[in-house]
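> mind folding the following:
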Amino acid sequence: MNTTGRAFEKARAENRAALIGYLPAGFPDLQGSIDAIKVMVEHGCDIIEIGLPYTDPVLDGPTIQAAAQQALDNGIRTKQVLEVVEAVAAFGAPTLVMTYWGPVERYGVEKFAADLAAAGGAGLITPDITPDFGQEWIAAADKHGLDKVFLVAPSSTDERIAMTTAAARGFVYAAAVMGVTGKTAANIDIVAPLVARTKATTTTPVGVGIGVSNGQQAAEIAAHADAVIVGSAFVKTLLEAPDRETGLRNLAALTEDLAAGVRRG
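Numbering: from 1, shown residues only. Just a heads-up that it's a prediction; the model follows:
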């Protein structure tokens, strides 16, 4: 298992933040998602989040919803997501699954943890459960040595942040904006205090996501956070490309721009 800890250690040694890239498994199709993520790793992503497509993605904006629906229409289910994890983990970047809780519960929490670990996955990001409601997952993740990435938000109280960071392993996901993904640009005046409040409770790395789409924004976030997380911008690049080859070329350029941004920050 290639853990996120190794990626953060490498980034710290280079005096920079890490770049975390997200793409749904099975988008634009099964092999296409593997090919796209390979480009992202080769051009600067330190850690990969693989989205598990879900029928009711309430926290996702229209861009990621469209990609997830395309993946579902292609027949992507949890088994295929784990196949993508195994393929992507072989590229050398720590690979996590980002998923709503419903699919994990249906698959079986212990079985999901075991199969994710067997596939070489580093852990799980769970945007719709908090540690106080995630005890079954915490136990399974601890058993299999998986990262447990929980979210904090600008609206989180200091007490809620402390409870969340105490349970987290790998990194803490700080949501830069309230609302769904891909709708609003990250506001550094909101991000900086949230990161500071989170860091006051933990030595676990803090990654900031939602609302980052270019290198300049990445640099601003990287001045405060340990990682910059980008999702909708990668998805949009592929959705808007006229063909597969152009999409991969544009994806490489975007990744390089973002990777340069985290290094400036």
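> and E136, what helix or strand is that in?
helix 135-144 (DSSP states H and E).
> which element follows that helix toward the C-terminus?
Heading C-terminal from helix 135-144 (DSSP H and E), you reach strand 147-149.
> before we move on, back to that, just the buried positions in the helix holding E136, please.
137-138, 140-141, 144 (16 or more other C-beta atoms under 10 Å). (Each C-beta comes from the backbone N, C-alpha and C, glycine too.)
> what about the residue most central in space within the chain, distance to W101?
Nearest residue to the geometric centre of the chain (C-alpha atoms, centre = their mean): E49, 3.8 Å. Distance from E49 to W101, counting by C-beta to C-beta, to the nearest Å: 16 Å.
> next one: P193
In this structure, P193 and W101 are 28 Å apart, going by C-beta to C-beta.
> higher neighbour count, those two?
Shown here are P193 and W101; by other C-beta atoms under 10 Å, W101 has more neighbours (18 against 12).
> so who does the more buried one touch?
By C-beta atoms under 8 Å, 6 or more residues apart in numbering, the contact set of W101 is 126, 128-129, 134, 137.
> swap in 10 Å and give it another go.
By C-beta atoms under 10 Å, 6 or more residues apart in numbering, W101 lies in contact with 54, 109, 124, 126-129, 133-134, 136-137.
> try E9
If you count contacts by C-beta under 10 Å, 6+ apart, E9 has them with 3, 18, 205.
> list buried residues within the residues you listed.
The neighbour count (16+ other C-beta under 10 Å) marks 3, 18, 205 as buried among the contacts of E9.
> quick one: those residues as JSON lines, columns for pLDDT and distance to F234 too.
Output for these, formatted as JSON lines (pLDDT from 0 to 100; distance: C-beta to C-beta, whole Å):
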{"residue": "T3", "pLDDT": "84", "distance to F234": "23"}
{"residue": "A18", "pLDDT": "98", "distance to F234": "15"}
{"residue": "P205", "pLDDT": "98", "distance to F234": "21"}
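> follow-up on the earlier one: closest one to I229 out of the contacts of W101, please.
I229 has its nearest neighbour among these in P127, at 11.6 Å by C-beta to C-beta.
> pretty sure that closest one sits in a strand.
No. Applying DSSP: H, G, I helix; E, B strand; the rest coil, one finds P127 to be coil, outside a strand.
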